[in-house]
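Novice: Got a predicted structure plus its sequence, pasted below:
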Amino acid sequence: MNNLTSRSLKPSADITIPIGSLVNVTALATFGIGKLHKYDEQGRAVIHFTGEGTRTVAPKTPIVRVRLSPETSVRFKTAAGTVAIGEIVDFLIKREDGGFVYRVAFDDEIHDVWEGLIMPVGETTDPVQLLKAYRWDTPRNYIARWSMADTYGRWCASSGGLPAMLGARVLPLGHQIYAARRVLFDRTPRFILADEVGLGKTIEAGMIIQALQAERQDFSVLVVAPGSMSRQWLTETYLRFGARAYHHIDCARMVEEGRGSLRTLVGSERLIVATTALEAYPELAEMIAARRWDMVVIDEAHQIPPGHALYPQLQRLACQSDGLLLLSATPSKRDMAGLVGLLALIAPDAYTDHSPTNLQAKFDRQSEVWDRLNFTRKLIDATAAEGRELNSDEVEFVAGEWVGFIEGDPQFDALLERMRAGEAQAAIELIAYVQEFHRLDHRIIRTRRATLPGETTAWPERKLIELSWSASPAEAIFLNHLEELPESEGPEGTAIRALYQRFCSTSPSAAVRFLEQRRKALDDGPDGDANDPIGRIASDSGPNDEPIILAELVGDLSPLEGEDRWLRTAMGLAEAWEQEGGFSRADVLESWLDDHLADPDHQVLVFVQDARSADDLADRFEGRYGKRSVARFHCNIEEVDLASTAFRFQHDKSCRVLVLDELGGEGRNFQNASAIVHFDVPVSCARLEQRIGRLDRVGRKCDSHVLSVVLEPGTAADQALLEMHRDVFQVFNRSIGGLEFILPKLQRQLQAAYGESPSALKAIISDLRAEVDASMSAIDEAFDISLDATKPQLERAFALASEMEDEGDTLDSAVTLRSWASRLGIQTKKGEDDTSEFRWTNGSLNVTSDRLKIGTGADGETRLVCGTFSRRIALARDDLQFFAPGHSLVDTMTSEAEHGRHSRVTAFMLNGFPKLKGTFLLQVLARSVLDERVWVSHDIGPGLAARARSLLWPEVTAEIMLLRDNRGARQDIVTHGGIRGFLDQPRRDLNLRAIEPSMVGELPFLAELWGSIDKSVPIALASIANRRAASAKERADALETSLRGEIGFLHWQAHTATNDAAANEFLSAIEARQALIQSVRNPRTDLLGLALVALV
């Protein structure tokens, strides 16, 4: 094309361009226009670029002078010396020294300004301004950014508008997606997650946190978890939910940290704290409660009811956080006191009184509604089982049963009217409506196993095998002596007896270690100041903290009467047992393992309460089965090695036996195991449930029994303890879900009785059985249904879960993300096994990004991130990170594409259209987004906004405009199919030749071209908006339909409000939702990018 030729390029060594000139450096084209600052002593040009700093250009680097076009926004210095923002009107003259002078308009005045006092406004993200300022990127980088925006739209489409859901390294189940979306779509994310045990509350919380962190990289999170779970949270949050590292504080960490470093830890963005550390160190609790958090998560929250020492700290945290998730046991109507304590944390304004009286009154008022709900649901289920719907007479009868129970609710009345007309579908919709809006409190999210669809309703059966054994002579003598342990008086004596019985009946090595520890404590003289020793032993402290707590107790507890004499004898007998080498229980277990492992598909978990005993057993098993067949998993092993061991046991059938301390009971998925061996039986029933829960999980085949194996106890106390777990709690045969609210109290009673005597344990059997049976049988079907997710909601969530299992969207995005990473200055490498590497240094980055900065920011600091875009591979390999939305690096690259000014404009030549040679086109990229301007004056929180975005997410559309042809300037939409085939989609397969700024700078019709661009952009945006209008209307209608029940319920609340202020609040909420619908129906069309195209 004759008009599009490059002007003579001047190398930097040829000092002909005047200082102060505005220039373009071909090698630094993405920096846009720079100003020639000086030539150094070697003749190299030193050029300043807005936003990019100063660069020294190597000799012979091509440098081109730039002539600014009319309407270019510039920053300039006036004659008065002030700095102003103006607009180029025209090129005026070229001075004798070669400098250009422009006329600049500012504040209704015209200024004649030398280019040395002018700089184009370079920090803008407006593509039109960037195009005129020659901030052009290469076609490749422009297409990479376009592809990123297009990919983000596809992620939104396949995740229901929450792309971070795709990035969880799990296969989320429908009820988990339902819970996460319910929280994220609410005005404020403050909820109780109360699914039945084993249904994955931690996964739900992890997905919620990951989605919120993807929206805001500096989103602060505090997780408060029992000691037994806090370390598992540390692992899971990193491995499963976005590779964001957390700090962890437990008692062991507190011993190591000074006050200054502790403040630094507490001030970090992501922190996990063990409840035992909060209880033991009040100053830690004070520091944590004194700062503000974006989200606080409290695991096993039901264990900290009102009256608990930590509850006031939780109240402060609840008030200091915008979001709050309480992971709790499933509430029942017998747990009103515990439930109101949780609700008072979630909604302190609504539950100012911790008394359960008001909640009970509300329960009583609504119980008749729930009874009708239960009746209607049973009737519909019964007819469905017969393969039919309710007939018209049955529907009318059901409608009559509902009359008078809910007054003044227009949505309910409309459904009832349809039922009176005999419409069966209306009865189904009424169940969903009442379940959703007339529940006890909408901030409780609960799914029961019974409500899950399909095959997940069948759960594997738990079974128990008890292995009997006969003690060796030395072992029998020692165990008989243990039965003669001096009797206790008071809690201190009870506590030390319990510790003796726990550690001395496991193995000879464990017995010797404990006896020596206690011997030393008695020799040193116990402090005799053990605060609440039973409570400290019974606390769920976890394997890291428990040794510290128990060691303190061993050193503090006062001696029993006659303990010194008994202990000296015990030490001699234990040493004799150890020297004899007899260990009958282990011998019997090995014999059972030999038989069980004869099946090559069998793998076994062997649990023991402390790490050193786990090593003892593992050493013994290695001698029998070989080192390759045995692995160990306990709190003294580094985290990276634990992850590797877990992966190996899960995926390598040659790893037959995994020996664990209680750390292995913390949330791990070992359902590939065929059996669990409880080498010792903890006092805590919750620990047994945690152990068994490694197998009894969602996803285990219903015909694969959950087999527990226990060794016959060697003492009367341990025998009574086993009978309690087996016959009263029945933990080996059923889930103890339903006991969680009362379990802490029961376990404390059990711990005290265990330390007192076997007869004390037997004495409380009757009372404990009565409490357990009452709790387990306190099933109010109507109350349960009132808390359940509605059937339509679960069906939609399970459909979305099925779509999300397809990993195509994340795999297809790999090429796009690698290409965009290269644009940012990140080196990429694709492995043969679907792995990818991203490597960069601070000096290699082409963008300024705090998120990508490494360490101190020194140029040479390096980071390497290895992972995969395949969910299948990520699920199988914990050693790889999962690159998907919600991953910290992927989110950072997405954010750069969204907010950065780079690669928004380009210019290139397009071959293949000889008859149209000389034609200039403009490719206009735009996105349809929610028109948030209509939200002004309405309370549209993040949750409501997320609901709208779940239906209308940013989607990129291209429009092609004719700027100029042989007839002159035009502003027409291009309809040529061949041209649109090249330009309507991001085509990475095109080899496009870039147009350099120097090629257009001297075009005689340049001003005309810029004017045509200014007129074409609005036309293109209007065209894109018109093309998207039908889709926007469809999505707005869908949002309106989904909100219809909610708006109807708000009308009812306004109608029944007791005062004008409350009524107005509900009416305002209705107006906010109507504004939300409007923002979807009439979306805003935002300019995303521009490409100047020359047909050659």
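Specialist: Yep, it's here.
Novice: the helices in the stretch 351-500 of the chain, which residues?
Specialist: Ranges of helices in the stretch 351-500 of the chain, per DSSP state H, counting those that start in this stretch, are 357-385, 392-402, 410-420, 424-437, 473-483, 490-504.
Novice: Would you format these as JSON lines with distance to Ile637 included?
Specialist: C-betas here are computed from N, CA, C, even on glycine. Listed next are the helices of the stretch 351-500 of the chain as JSON lines, based on distance: least, CB to CB, whole Å:
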{"stretch": "helix 357-385", "distance to Ile637": "45"}
{"stretch": "helix 392-402", "distance to Ile637": "60"}
{"stretch": "helix 410-420", "distance to Ile637": "57"}
{"stretch": "helix 424-437", "distance to Ile637": "46"}
{"stretch": "helix 473-483", "distance to Ile637": "29"}
{"stretch": "helix 490-504", "distance to Ile637": "21"}
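Novice: Could you single out the most deeply buried of these?
Specialist: By mean neighbour count, with neighbours taken as mean count of other CB atoms under 10 Å, helix 490-504 ranks first of the helices of the stretch 351-500 of the chain at a mean of 22.
Novice: Next, the angle from it to helix 473-483.
Specialist: 170 degrees (axes from the mean of the first three to the mean of the last three CA atoms, to 10 degrees).
Novice: Go through the helix or strand just after helix 490-504 and flag the buried ones.
Specialist: Past helix 490-504, further along toward the C-terminus, the next helix or strand under DSSP states H and E is helix 508-524. Buried residues in helix 508-524, counting neighbours by 16 or more other CB atoms under 10 Å, are found at Pro508, Ser509, Ala510, Ala511, Val512, Arg513, Phe514, Leu515, Arg518, Ala521, Leu522.
Novice: burial count for the residue nearest to Glu563 when sequence neighbours are not counted?
Specialist: With CB to CB, 6 or more residues apart in numbering as the criterion, Glu563 has its nearest non-adjacent residue at 5.5 Å, and that residue is Pro486. Pro486 has 18 neighbouring residues, counting by other CB atoms under 10 Å.
Novice: how much space between Pro486 and Leu567?
Specialist: Between Pro486 and Leu567 the distance, using CB to CB, to the nearest Å, works out to 10 Å.
Novice: Ok, Pro306 next?
Specialist: 42 Å.
Novice: phi, psi of Gly34?
Specialist: Per-residue torsions, Gly34: phi -120, psi 170 (degrees, to the nearest 10).
Novice: Show the model's pLDDT score for it.
Specialist: For Gly34, the pLDDT comes out at 89.
Novice: in the sheet, who's paired with it?
Specialist: Val23, Phe49 (DSSP bridges).
Novice: Tell me if I'm right that it and Ala27 touch.
Specialist: No: checked against CB atoms under 8 Å, the pair Gly34 and Ala27 is beyond contact range at 11.6 Å.
Novice: more crowded one of those two?
Specialist: The residue with the greater number of neighbours, taking Gly34 and Ala27 and applying other CB under 10 Å, is Gly34; the counts read 27 against 12.
Novice: Contacts only, for that one.
Specialist: If you count contacts by CB atoms under 8 Å, 6 or more residues apart in numbering, Gly34 has them with Leu22, Val23, Asn24, Val25, Leu28, Ile47, His48, Phe49, Arg55.
Novice: How much space separates the second one from Leu589?
Specialist: Using CB to CB, we find Val23 at a distance of 81 Å from Leu589.
Novice: ok, now the fourth one?
Specialist: Between Val25 and Leu589 the computed distance is 75 Å (CB to CB).
Novice: before we move on, the earlier item: out of the helices of the stretch 351-500 of the chain, flag the one nearest Phe647.
Specialist: Proximity to Phe647 (CB to CB) singles out helix 490-504 among those, at 31.6 Å.
Novice: For that closest one, which helices and strands make contact with it?
Specialist: Other helices and strands packing on helix 490-504, by 3 or more CB pairs under 8 Å, 6 or more residues apart in numbering; DSSP states H and E, are helix 473-483, helix 508-524, helix 533-538, helix 542-556, helix 563-580, helix 743-756.
Novice: Count the residues that sit near the spatially closest residue to Glu546 that is not a sequence neighbour.
Specialist: Spatially, and ignoring its direct neighbours in sequence, Glu546 is nearest to Gly227 (7.0 Å; CB to CB, 6+ apart). Neighbourhood size, Gly227 [other CB under 10 Å]: 27.
Novice: what do you get for the one 3 residues further on?
Specialist: Residue crowding around Ser230 was assessed by other CB under 10 Å; the count is 26.
Novice: Also Ala347?
Specialist: Counted by other CB under 10 Å, the residues lying close to Ala347 total 18.
Novice: would TSV of the helices of the stretch 351-500 of the chain with distance to Tyr246 and mean pLDDT be doable?
Specialist: Formatted as TSV, the entries for the helices of the stretch 351-500 of the chain read as follows, by distance: least, CB to CB, whole Å; pLDDT from 0 to 100:
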stretch	distance to Tyr246	mean pLDDT
helix 357-385	34	78
helix 392-402	50	87
helix 410-420	43	88
helix 424-437	34	83
helix 473-483	42	93
helix 490-504	32	91
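Novice: can you tell which of these is closest to Thr816?
Specialist: For the helices of the stretch 351-500 of the chain, the distance to Thr816 is smallest for helix 424-437, at 38.9 Å, taking CB to CB.
Novice: That closest one packs against which elements?
Specialist: Packing partners of helix 424-437 (3+ CB pairs under 8 Å, 6+ apart): helix 357-385, helix 392-402, helix 410-420, helix 791-804, helix 1006-1056.
Novice: Which strands and helices lie in contact with the first one?
Specialist: This means helix 357-385. Packing contacts for helix 357-385, counted by 3+ CB pairs under 8 Å, 6+ apart, involve helix 336-346, helix 392-402, helix 424-437, helix 781-787.
Novice: May I have stretch 637-653 exported as PDB, CA atoms only?
Specialist: Extracted C-alpha coordinates of stretch 637-653, given in PDB (Å, rounded to 0.1, in the frame of the first residue of the first chain):
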ATOM      1  CA  ILE A 637       6.800 -35.100  59.700                       C
ATOM      2  CA  GLU A 638       7.200 -32.100  57.500                       C
ATOM      3  CA  GLU A 639       4.200 -30.900  55.600                       C
ATOM      4  CA  VAL A 640       5.600 -31.500  52.200                       C
ATOM      5  CA  ASP A 641       6.500 -35.100  53.100                       C
ATOM      6  CA  LEU A 642       3.000 -35.600  54.500                       C
ATOM      7  CA  ALA A 643       1.400 -34.500  51.200                       C
ATOM      8  CA  SER A 644       3.700 -36.900  49.400                       C
ATOM      9  CA  THR A 645       2.900 -39.800  51.700                       C
ATOM     10  CA  ALA A 646      -0.900 -39.100  51.400                       C
ATOM     11  CA  PHE A 647      -0.600 -39.000  47.600                       C
ATOM     12  CA  ARG A 648       1.400 -42.300  47.600                       C
ATOM     13  CA  PHE A 649      -1.100 -44.100  49.800                       C
ATOM     14  CA  GLN A 650      -4.000 -42.900  47.700                       C
ATOM     15  CA  HIS A 651      -2.600 -43.800  44.400                       C
ATOM     16  CA  ASP A 652       0.000 -46.600  44.900                       C
ATOM     17  CA  LYS A 653      -1.400 -50.000  45.700                       C
END
